[in-house]
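K.L.:
below is the structure, and that's it, no one-letter string:
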């Protein structure tokens, strides 16, 4: 069972749904797809009945959470969403694993009343219920704190217009310790026994220490072999405190000296919008198919022929003038920098604030294209200014 929702459904996903006839919810996104593709779409009542009867469910977007809250009676699903989505609640739940981790939940209306000197720097400020890297700030100084508060004031209305409240709720923020180490994103599910099955591991690469963008995630044989077992063991331990079963989750965490510390848990979905398709481009399988049918990856087979390669996924923010409709963008010029381009899905910058999603195959021993993806000033491709 799948809910496909705004803002985007990847061609690979649509092809999968047409070939397998996996049931989807008949919403506005499904209706648009039905005009060109034969997929199996069920109305609210039948779809909800199947989920409430124990059918596995996954979403492509957290915009679906509002529908779930209104139609799904299975408390195992709704309570798992509420728990994983609430960062402060998860910090409290996992306190036995991380007794020294500092965090504080602050109502948005009280942010300007908070005494900056009460915090140990550096720290991270982010929405308690958030999506992607929207509203995330690394704060090392009073100047950066003031800049973060000003940015929140300036962009709050834009966030509200782009994201459902169930995906991004700006009612409160969390200030917590800045986590050292390498950042990872993991697509996984908890099986019928509550044990974790890892479907992909992505190393999140940044342009610099202040970068919080989603421009470059990297997976490959070396990444999966080194880190998948550790994340499976860790997530199983986490679930010993949470207690969910038959449930997909996209986890962001940092690892330092072998110790994994969570950043956030994103329930009932994998890498956002269409990011999870990196597993298909890299290894040839659909993560959502493996979850829905309880399939464990045979990494020994899947990683054959993948040595020496790294596969990248990036969500590219639109330059401000492009998002405001004040210029165009030289897409061909930008994409010409990548020899191993696998796919680029173009979004409407004015509606989404993004250029789109990019998928690349790169050589592990050549950093050039990955560095460009992380660090390039995208305004150089703006045209018609």
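P.N.:
That came in fine, so what should we check first? Quick caveat: nothing in here was measured; it's all calculated off a predicted structure.
K.L.:
okay, and the helix or strand of the protein with the least pLDDT?
P.N.:
strand 169-177 (a mean of 77; mean pLDDT, DSSP states H and E).
K.L.:
who's in contact with it?
P.N.:
Applying CB atoms under 8 Å, 6 or more residues apart in numbering, the contact partners of strand 169-177 are 87-88, 91, 101-108, 111, 119-120, 123-129, 135, 139, 152, 156, 159-160. All C-beta spots, glycine's among them, are computed from the backbone N, C-alpha and C.
K.L.:
write the ChimeraX selection for whichever of those are buried.
P.N.:
Selection of buried members from the contacts of strand 169-177 for ChimeraX, criterion 16 or more other CB atoms under 10 Å:
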select :87,88,91,103,105,106,108,111,119,123,124,125,126,127,128,129,135,139,152,159
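K.L.:
next SSE downstream of the one helix or strand residue 33 maps to?
P.N.:
Using DSSP states H and E, residue 33 falls within helix 28-34. Remark: after helix 28-34, the chain's next helix or strand is strand 41-42, criterion DSSP H and E.
K.L.:
and that following strand, what does it pack against?
P.N.:
Here strand 41-42 touches strand 24-25, helix 28-34, going by 3 or more CB pairs under 8 Å, 6 or more residues apart in numbering; DSSP states H and E.
K.L.:
so what strands line up beside it?
P.N.:
strand 24-25 (parallel) (DSSP bridges).
K.L.:
tell me who's in contact with the residue nearest to residue 227 when sequence neighbours are not counted.
P.N.:
Leaving aside its sequence neighbours, residue 227 sits nearest to residue 201 (CB to CB, 6 or more residues apart in numbering; 4.8 Å). Neighbour list for residue 201: 184, 185, 186, 219, 223, 224, 227, 228, 231 [criterion: CB under 8 Å, 6+ apart].
K.L.:
and residue 201, what are its bridge partners?
P.N.:
Bridge pairing for residue 201 - DSSP bridges - gives residue 186.
K.L.:
residues of the helix or strand containing residue 157 that come out buried?
P.N.:
Per DSSP H and E, residue 157 falls inside helix 142-162. Across helix 142-162, burial judged by 16+ other CB under 10 Å covers 144, 145, 148, 149, 152, 159, 162.
K.L.:
now swap in stretch 209-220 and tell me
P.N.:
Across stretch 209-220, burial judged by 16+ other CB under 10 Å covers 211, 212, 213, 214, 215, 216, 217, 218, 219, 220.
K.L.:
for the second one, what are its contacts?
P.N.:
When you say that, I think you mean residue 212. Going by CB under 8 Å, 6+ apart, residue 212 touches 133, 136, 137, 138, 206.
K.L.:
looks like the third one contacts residue 149 (just checking).
P.N.:
No: the pair residue 137 and residue 149 does not pass the contact test of CB atoms under 8 Å, sitting 9.1 Å apart.
K.L.:
state the helix or strand in which residue 356 lies.
P.N.:
Counting by DSSP H and E, the element that carries residue 356 is strand 354-363.
K.L.:
what mean pLDDT does the helix or strand where residue 46 lies get?
P.N.:
For residue 46, the host element (DSSP H and E) is helix 44-52. Average pLDDT, helix 44-52: 97.
K.L.:
that helix packs against which elements?
P.N.:
strand 24-25, helix 65-71.
K.L.:
mind listing what's buried in the last one?
P.N.:
The one in question is helix 65-71. 65, 67, 68.
K.L.:
quick one: low-confidence parts of the stretch 101-250 of the chain?
P.N.:
129-133, 161-170 (pLDDT under 70).
K.L.:
tell me which stretches of it form strands.
P.N.:
Ranges of strands in the stretch 101-250 of the chain, per DSSP state E, counting those that start in this stretch, are 103-107, 123-129, 137-139, 169-177, 182-190, 196-204, 217-219, 247-256.
K.L.:
can you list these in a markdown table and add distance to residue 325?
P.N.:
Shown next, in a markdown table, are the strands of the stretch 101-250 of the chain (distance: least, CB to CB, whole Å):
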| stretch | distance to residue 325 |
| --- | --- |
| strand 103-107 | 34 |
| strand 123-129 | 26 |
| strand 137-139 | 26 |
| strand 169-177 | 24 |
| strand 182-190 | 31 |
| strand 196-204 | 30 |
| strand 217-219 | 29 |
| strand 247-256 | 31 |
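K.L.:
angles on the backbone of residue 327, please.
P.N.:
With angles defined as degrees, to the nearest 10, residue 327 sits at phi -160, psi 170.
K.L.:
count of neighbours near it?
P.N.:
When counting by other CB atoms under 10 Å, one arrives at 17 neighbours for residue 327.
K.L.:
and the pLDDT at it?
P.N.:
Residue 327 is given a pLDDT of 93.
K.L.:
OK, contacts around it?
P.N.:
For residue 327, the contact set (CB under 8 Å, 6+ apart) comprises 319, 321, 382, 383, 384, 385.
K.L.:
most neighbours out of those, which is it?
P.N.:
Among the contacts of residue 327, the one with the most neighbours (other CB under 10 Å) is residue 319, at 20 neighbours.
K.L.:
burial measure for the residue nearest to it when sequence neighbours are not counted, as a count.
P.N.:
Counting by CB to CB, 6+ apart, residue 379 is the residue found nearest to residue 319 once chain neighbours are left out, at 4.7 Å. Residues within reach of residue 379, counting by other CB under 10 Å, total 13.
K.L.:
which helix or strand contains residue 314?
P.N.:
strand 309-317.
K.L.:
and that strand, how far from the chain's centre?
P.N.:
The chain centroid and the centroid of strand 309-317 are separated by 13 Å under CA atoms, centre = their mean, to the nearest Å.
K.L.:
what pairs with that strand, parallel or antiparallel?
P.N.:
Applying DSSP bridges, one finds strand 309-317 paired with strand 217-219 (antiparallel), strand 354-363 (antiparallel).
K.L.:
okay, the ones you listed in JSON lines with distance to residue 326 next?
P.N.:
Converted to JSON lines, the strands paired with strand 309-317 look like this (distance: least, CB to CB, whole Å):
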{"stretch": "strand 217-219", "distance to residue 326": "29"}
{"stretch": "strand 354-363", "distance to residue 326": "15"}
